[in-house]
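In: here's a sequence, model it:
(chains A and B)
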Amino acid sequence: MFVSLRRVIGLGWQNLARDGGIAVANIFIMMIPILLATSLFFIKDISAFLVSTLREKADISVYFNDSANEDDILKLQSTISQIQGVQKVDYVSKDNAFDAFSNRHQADPTLMEALQQVNGNPFLASLTVRAADSDQYNTVEKLLSNDQYKGMVNKVNYSEKKDVITKIFSLTDQVTRIGVILFAILGVISTLVTFNTVRLAIINRREEIEVQRLVGASAWFVRGQFLVEGLTFGVLAAAFCLMIAALVCWYASPSLGVLIPGVNLWVNFMASVWSLIGIQLGIGAFLGITSGLFATNKYLKI
Amino acid sequence: MIKFDNITKIYPARSRDAKHTVALDSVSFEVGQGEFVSIVGRSGAGKTTTFRLILAEEKPTMGSISFKDRDIYKLKGGGVNKLRRCIGAVFQDYKLLPNMTVAENIGYVMKVIGSPDEEIARDVSRILEIVELEGKANNFPSELSGGESQRVAIARALIHRPEVVLADEPTGNLDPYHTLDILKLLLKINEMGTTVVLATHNRDIINKLKKRVVTLEKGKVVRDEEKGRFAL
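Out: Modelled structure (predicted):
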């Protein structure tokens, strides 16, 4: 049995090596769906980063009257934090707000002079609330309109931002959904193209399959050679795709980092290289083996 | 060794306007061990169908074919492969594997049956001497002439010492010089004890051979003569 297996593998590689042109074509075709999956792998991470960055900008600020007690504000902070979906509630005291403003604008003498002329601290203590979904902001706004907080709260800027926040969440949801659908469609198309191309290459060799069967080779002896070829194409295609992915990530990382601050493509690549190898090899092997199986089954009915 | 018992083979029509084709009609004959039998007939007489049935490429519509007293069509998958390994087949269009050298083409059958590499190398060398192609072992089929290709096909058919060689129009694509070479080879094989069944429509070949002739006409056996002549 091992002799037969060794011979099947040897014959598969021999066929591959001797039909170089078709081998190269099959490898290139298999690279298409693998590269598509690799792109999706990185785009998914980048778009998740972009979506969360955008959503972080959607927040609401609650400003408190001077008369509001800090302990009460901190209790309110704790209450809001416990609402499901609220990710973060930051408290900025009057003094911290004043210091932050001064530090930010210390190079601007006009603003600093205006601040001195105001006499005192014009800033209000505030809570900044960030949530995972726009619905949670409605919940927070409702909470703040309770009678127990009316005396404390000076202003909630949610109603001014409400439309923008809703649009941001809706847009990012749609972008994610469309991205997934688009990639699914392209993935199916490229996989079908790959299957068809490998199938056509095997159809070209149907006479060879027929001859092998007529001299007494079993179906698996013949099929095995094509599976070995298909698997080898898949693995080689995956290897080339990994090299291309590494090159693109290394080259594009600095430019992308400028365009989208916080994104480091090369670091992302290195961190997930083993997952990527697994995905690419898996897709390559699947395509190679299944296209070989489907195509040879048709011609192994002698 | 091979027994056709009332074999009928009908190919159904593929379109509404066409009629079905009766390739063989109640054909019965036997081929004994060590015989040299020529099956003669015009194109379309049923010669190739006869061979396809022996190799279990097709199933008869009626009747049975037995090889060494075993019904071919009762063999399961593995049994069909074993049957084909007992037969050496030579085709008009050679049917060589284009991506393999002459030596690899000839040795392929032995690889299939699991022979050790040393035995394959030794037997390939021996058979190349018999067919006089020692210098062509590393050539590919595309680099051979018609006569050489057919000799490689015969070598492949012989290497595993089959009990029967089926030769379907082996000289159909060859000139008279190479035709004679191939015939001599087939006769030599038969003298060594292998049963040979040759299908041809070449009058000169038949008249030269002076062996048993089974004549087919429109799918029927019309004559079966020892030391027969071409008479269509």
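
In: who in chain B is up against chain A?
Out: Residues of chain B lying close to chain A (Cβ under 8 Å from any Cβ of the partner chain) are B:55, B:57, B:77-78, B:81-85, B:89, B:95-100, B:108-109, B:111-114, B:116, B:156. To be clear about C-beta, it is placed using only N, CA and C from the backbone, and glycine gets the same treatment.

In: ok, which residues in the stretch 1-150 of chain A are in contact with chain B?
Out: A:3, A:4, A:7, A:11, A:14, A:15, A:18, A:19.

In: quick one: which of the residues you listed is most hemmed in?
Out: residue A:11 (25 neighbours; other Cβ atoms under 10 Å in any protein chain shown).

In: turn the residues of the stretch 1-150 of chain A next to chain B into CSV, columns for pLDDT and distance to residue B:45.
Out: Below are those laid out as CSV (pLDDT from 0 to 100; distance: Cβ to Cβ, whole Å):
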residue, pLDDT, distance to residue B:45
A:3, 75, 43
A:4, 80, 40
A:7, 86, 40
A:11, 83, 38
A:14, 83, 40
A:15, 78, 37
A:18, 78, 39
A:19, 77, 38
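
In: show only the entries of those found in helices.
Out: A:3, A:4, A:7, A:11, A:14, A:15, A:18 (DSSP state H).

In: shouldn't the first one be in contact with residue B:112?
Out: In other words, residue A:3. No: look at residue A:3 against residue B:112 with Cβ atoms under 8 Å: they stay out of range, at 11.0 Å.

In: so where do the strands sit in chain A?
Out: A:60-64, A:86-92, A:126-131, A:153-156 (DSSP state E).

In: I'd like the ones you listed written out as CSV, with mean pLDDT and mean neighbour count added.
Out: Formatted as CSV, the strands of chain A follow (pLDDT from 0 to 100; neighbours: other Cβ atoms under 10 Å in any protein chain shown):
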stretch, mean pLDDT, mean neighbour count
strand A:60-64, 88, 22
strand A:86-92, 88, 16
strand A:126-131, 87, 21
strand A:153-156, 86, 16
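
In: quick one: buried ones out of the residues of chain B next to chain A?
Out: B:55, B:57, B:81, B:83-85, B:89, B:95-97, B:99-100, B:108-109, B:111-112, B:156 (16 or more other Cβ atoms under 10 Å in any protein chain shown).

In: so which of these belong to helices?
Out: Judged by DSSP H, these include B:81, B:83, B:84, B:85, B:108, B:109, B:111, B:112, B:156 as members of helices.

In: which two of the residues you listed have the greatest separation?
Out: B:83 and B:111 (18.3 Å; Cβ to Cβ).

In: can you give me the distance of the residue of chain A positioned farthest from its centre to chain B?
Out: Largest separation from the mean C-alpha position in chain A: residue A:215, at 52.5 Å (Cα atoms, centre = their mean). From residue A:215 over to chain B the distance is 5 Å, taken as Cβ to the nearest Cβ, to the nearest Å.

In: read off the pLDDT value for that residue.
Out: Per-residue confidence (pLDDT) for residue A:215: 83.

In: number of residues surrounding the residue of chain A found nearest chain B?
Out: Closest residue of chain A to chain B, Cβ to the nearest Cβ: residue A:216 (3.6 Å). Neighbour count for residue A:216, taken as other Cβ under 10 Å: 23.

In: equivalent analysis for residue B:151, please.
Out: Using other Cβ under 10 Å, residue B:151 has 27 neighbouring residues.

In: how about it: what's its closest non-neighbour residue?
Out: Of all residues not flanking residue B:151 in the chain, residue B:131 sits nearest, at 4.2 Å (Cβ to Cβ, 6 or more residues apart in numbering or on different chains).

In: residue contacts, that neighbour?
Out: B:151, B:152, B:154, B:155, B:185 (Cβ atoms under 8 Å, 6 or more residues apart in numbering or on different chains).

In: measure the residue positioned nearest the centre of chain A to residue A:257 for me?
Out: The residue lying closest to the centre of chain A (Cα atoms, centre = their mean) is residue A:44, at 1.3 Å. As judged by Cβ to Cβ, to the nearest Å, residue A:44 and residue A:257 stand 18 Å apart.

In: I'd say the residue farthest from the centre of chain A and residue B:81 touch.
Out: No: counting by Cβ under 8 Å, residue A:215 stays clear of residue B:81, with 9.5 Å between them.

In: buried residues in stretch A:237-248?
Out: Buried residues in stretch A:237-248, counting neighbours by 16+ other Cβ under 10 Å, are found at A:237, A:238, A:239, A:240, A:241, A:242, A:245, A:248.
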